[in-house]
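Asks: Sequence first, predicted model second:
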Amino acid sequence: MGKPTLKFCMCLCLVMNCIVLIAVLCVAVLTHQGCSDGEFQKGAVAADSEMCSKIGRDTLREGGSAVDGAIATLVCTSIVHPQSMGIGGGSIFTIREKDGTVKIINARETVPKVFKSDLLTKCPPSYQLMSGTVRKTGPCSQEDHEALAATQEQFAKRIRGMIKDGQTHDALYYSVTPSMDSVGTTHMSLVDEYGMAVSVTSTINHIFGSKIFSPKTGIILNNELADFCGKVSSIQAGEQPPSSMSPSILYSTSRKHLVVAGGSGGSMITTGMALTLMNHLWMGMSLQDAIASPVVFVNSKNEVNFEPKFDKDVQANLTALGHSATDIKYFYNVINAVSVKDGCITAVSDERKLGKAAGY
C-alpha cells in the first residue's frame, strides 16, 4: 500500500475535527437538558429582594465578577431596604476563587477612639420593636424637606400601585410592618460563570440602626455597640462587638458540590443556617424546602421556641424529654443561598422576607 496522500490526510483531519465538534455540542446539549426548570447555568444571586437580585445578576451577565455583583447588590439593598443595611454599617465577606482560594474580609464596626467610659451602664434591659421616624442630626434644610417630600410621594405611589380592587393582602405584602425586617441585617449569596463565589452579610444592627442619619450624606448610622450589652463589662477602642453573622461557602471535592449560604436574624442566624444546611446536605431536601422548613430555636435561657408549622410530634417529644418550651412572637431567621452541582445552579431567597433570587 502506498503512502497516504496529503489530500487523504487533510480529509482525515477534517473528519476528526468534525467528530470532536459534534461530541462537544452533544455534551453541551446534554448538560443543558440536565438542568431542570428554575435552575441556571452561568451565574445567580440570592438577595432579600427580587430587584436587587436582578441588579446583581445583570452585573454578572455584563462581565462583572461575583465581587462586582455583590457590591452592586449591596448598594441596591441599602436603597431598597435602608432599615437593614448601608455604608453606615458593617459587613463580612467570604470569597472563594475558582482555584479554591478563600479570602475573608472583616469590615465589622469598631468601638471609636473616643467614647464615654460609662457607656455600657446605659444599656437597656431589653429591646422592644419600635415604630417612628428616623432622626437626623442638625437643622433641616430646604433640600432636606424637598427630598423627604419626594421620598414620601414615591412610597405612596408604590403602595397605591399595590392596591387591588378585587383582592386584599396582609400588611406584610405592602412591606409596612416590622416582621422580618425588624432586625437590621441582610445577606446575599452569589456565584459567577468564572467559578468565583461570594457570601456576604451586612448590617446596621437594629432596624434603622441608631435611628440617626447624617444631614450631609443621608447615611443611616448603626448602633452596633449595643451588641456589647449584657456580654462584657468593659470595651476598648478598636474592639469589634460579638456577632452571629456567618457568611459561609461549603465545597465537597468528592461530590463537586458548592453551597453558598448565609442569613439575617440576629441570634437566629446560627439556627437558620444549621438547620438549612442539615436539611439540604444530610436530609436530602431541595434547597428551597431546606430553607422554608420551620426551625426550632434555643435561646440564651436554654428555652426552645418552635416556629409556626414546626412538626408537632417533634415538639411533643422534646417537651416530654423535659425541654422548656416558650412562645415568641417573631422568628427572624432568613437564609439566602446558592447551590452549584453537576453544572446546574439553584438560587433561593427566603420567602420569609419575600425575597426572590435571579440568575442566567
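Replies: Nice, thanks for sending it over. Numbering: from 1, shown residues only.
Asks: Let me see the ranges of the helices in the stretch 251-360 of the chain.
Replies: Under the criterion DSSP state H, counting those that start in this stretch, the stretch 251-360 of the chain contains helices at 268-277, 287-292, 312-320.
Asks: Spatially central, which residue of this structure would that be?
Replies: residue 187 (2.3 Å; CA atoms, centre = their mean).
Asks: Next, the contact list for it, please.
Replies: Applying CB atoms under 8 Å, 6 or more residues apart in numbering, one finds that residue 187 lies in contact with 47-48, 199-202, 247, 262-264, 334-336. No exception for glycine: its C-beta is placed from N, CA and C like everyone else's.
Asks: Redo the residues you listed as CSV? Include distance to residue 304.
Replies: Output for these, formatted as CSV (distance: CB to CB, whole Å):
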residue, distance to residue 304
47, 31
48, 27
199, 28
200, 30
201, 25
202, 30
247, 26
262, 24
263, 19
264, 22
334, 20
335, 20
336, 25
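Asks: Dihedrals phi and psi, residue 98?
Replies: phi -60, psi -30 (degrees, to the nearest 10).
Asks: what's the spacing between the closest residue to it other than its chain neighbours and residue 345?
Replies: Leaving aside its chain neighbours, residue 98 sits nearest to residue 195 (3.2 Å; criterion: CB to CB, 6 or more residues apart in numbering). Distance of residue 195 to residue 345, given as CB to CB, to the nearest Å: 12 Å.
Asks: out of the two, which sits in the busier spot?
Replies: residue 345 (22 against 14; other CB atoms under 10 Å).
Asks: Surely the more buried one touches residue 45?
Replies: No - using CB atoms under 8 Å, residue 345 is not in contact with residue 45, being 10.3 Å away.
Asks: Give the intersection of the neighbour lists for the two.
Replies: In contact with both residue 345 and residue 45: 338, 359, using CB under 8 Å, 6+ apart.
Asks: As a check, name the ranges of all helices in the stretch 101-250 of the chain.
Replies: For the stretch 101-250 of the chain, applying DSSP H, counting those that start in this stretch gives helices covering 142-162.
Asks: so where do the strands sit in the stretch 51-200 of the chain?
Replies: Ranges of strands in the stretch 51-200 of the chain, per DSSP state E, counting those that start in this stretch, are 90-96, 102-107, 135-136, 183-191, 197-206.
Asks: mind listing what the closest residue to residue 281 other than its chain neighbours touches?
Replies: Leaving out its chain neighbours, the residue that sits closest to residue 281 by CB to CB, 6+ apart is residue 259, at 7.3 Å. By CB under 8 Å, 6+ apart, the residues touching residue 259 are 248, 249, 250, 251, 277, 280, 281, 337, 338, 339, 340.
Asks: Nothing else from me, thank you.
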